[in-house]
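S.K.: I would like to see how this sequence folds:
(one chain, ligands or ions: 1)
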Amino acid sequence: MTPKDVEFFKALLLSRQAELRAEGDVEVVPENSGADTARRVDEDAAPLAEMNQIIASKRNVTRTQQLEAILEALDLIAEDPDEYGHCEDCSKEIKRRRLELMPWSTLCIACAEKRERENPRGRRRHLTDYK
Ligand SMILES: [Zn+2]
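M.R.: Down below sits the predicted model:
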């Protein structure tokens, strides 16, 4: 991953963080409400809009847990940007597509699924179950 890529994901993380903070403790917008995502369909915003749809559909993801994961990812970028985008279990690069949808991912899909099987009640379940 190039420094430019890291900047891209940092921007994604920061906008998601700003949105979550602006939302306060309001419930996640239901998938079919549409209005919010339809507003920003330009190319730059597409990954973010798509990400928000996935987030909206995962009703068990709480705002607090999400903010926590975003903060962890931002910390990693600040302290060790070379490590960002690598799986914390197997050290392989996490697929770009996965990071575009969930820039706070710390596991590749294979390791996320493995953890899911081994520890289905783990605290990170909600953050790693996107396939
Ligand atoms: Zn892995």
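S.K.: Would you mind confirming that Trp74 makes contact with Leu12?
M.R.: No, residue 74 isn't Trp; it's Leu. No: Leu74 is not in contact with Leu12 according to C-beta atoms under 8 Å; the separation is 10.7 Å. In short, each C-beta sits where N, CA and C put it, glycine included.
S.K.: Spit out the contact partners of Leu101.
M.R.: Neighbour list for Leu101: 47, 50-51, 54, 130 [criterion: C-beta atoms under 8 Å, 6 or more residues apart in numbering].
S.K.: Next one: it relative to Asp80, how far apart?
M.R.: According to C-beta to C-beta, to the nearest Å, Leu101 and Asp80 sit 23 Å apart.
S.K.: Name the surrounding residues that touch the lengthiest helix in the chain.
M.R.: Identified as the longest helix of the chain according to DSSP state H is helix 3-23. The contact list for helix 3-23 (C-beta under 8 Å, 6+ apart) reads 47-48, 51-52, 63, 66-67, 70-71, 73-74, 77, 81, 84-85, 96, 99-100, 103-104.
S.K.: Please save the CA atoms from that helix in PDB.
M.R.: Extracted in PDB, the C-alpha atoms of helix 3-23 (Å, rounded to 0.1, in the frame of the first residue of the first chain):
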ATOM      1  CA  PRO A   3       1.300   6.500   1.400                       C
ATOM      2  CA  LYS A   4      -1.300   7.900  -1.000                       C
ATOM      3  CA  ASP A   5      -3.500   4.800  -0.400                       C
ATOM      4  CA  VAL A   6      -3.100   5.200   3.400                       C
ATOM      5  CA  GLU A   7      -4.200   8.900   3.000                       C
ATOM      6  CA  PHE A   8      -7.300   7.800   1.100                       C
ATOM      7  CA  PHE A   9      -8.300   5.400   3.800                       C
ATOM      8  CA  LYS A  10      -7.500   7.900   6.500                       C
ATOM      9  CA  ALA A  11      -9.900  10.300   4.800                       C
ATOM     10  CA  LEU A  12     -12.600   7.600   4.600                       C
ATOM     11  CA  LEU A  13     -12.100   6.900   8.300                       C
ATOM     12  CA  LEU A  14     -12.300  10.600   9.200                       C
ATOM     13  CA  SER A  15     -15.500  11.200   7.300                       C
ATOM     14  CA  ARG A  16     -17.200   8.200   8.800                       C
ATOM     15  CA  GLN A  17     -16.000   9.300  12.200                       C
ATOM     16  CA  ALA A  18     -17.400  12.800  11.600                       C
ATOM     17  CA  GLU A  19     -20.700  11.400  10.500                       C
ATOM     18  CA  LEU A  20     -21.000   9.200  13.500                       C
ATOM     19  CA  ARG A  21     -20.200  12.000  15.900                       C
ATOM     20  CA  ALA A  22     -22.800  14.300  14.100                       C
ATOM     21  CA  GLU A  23     -25.400  11.600  14.400                       C
END
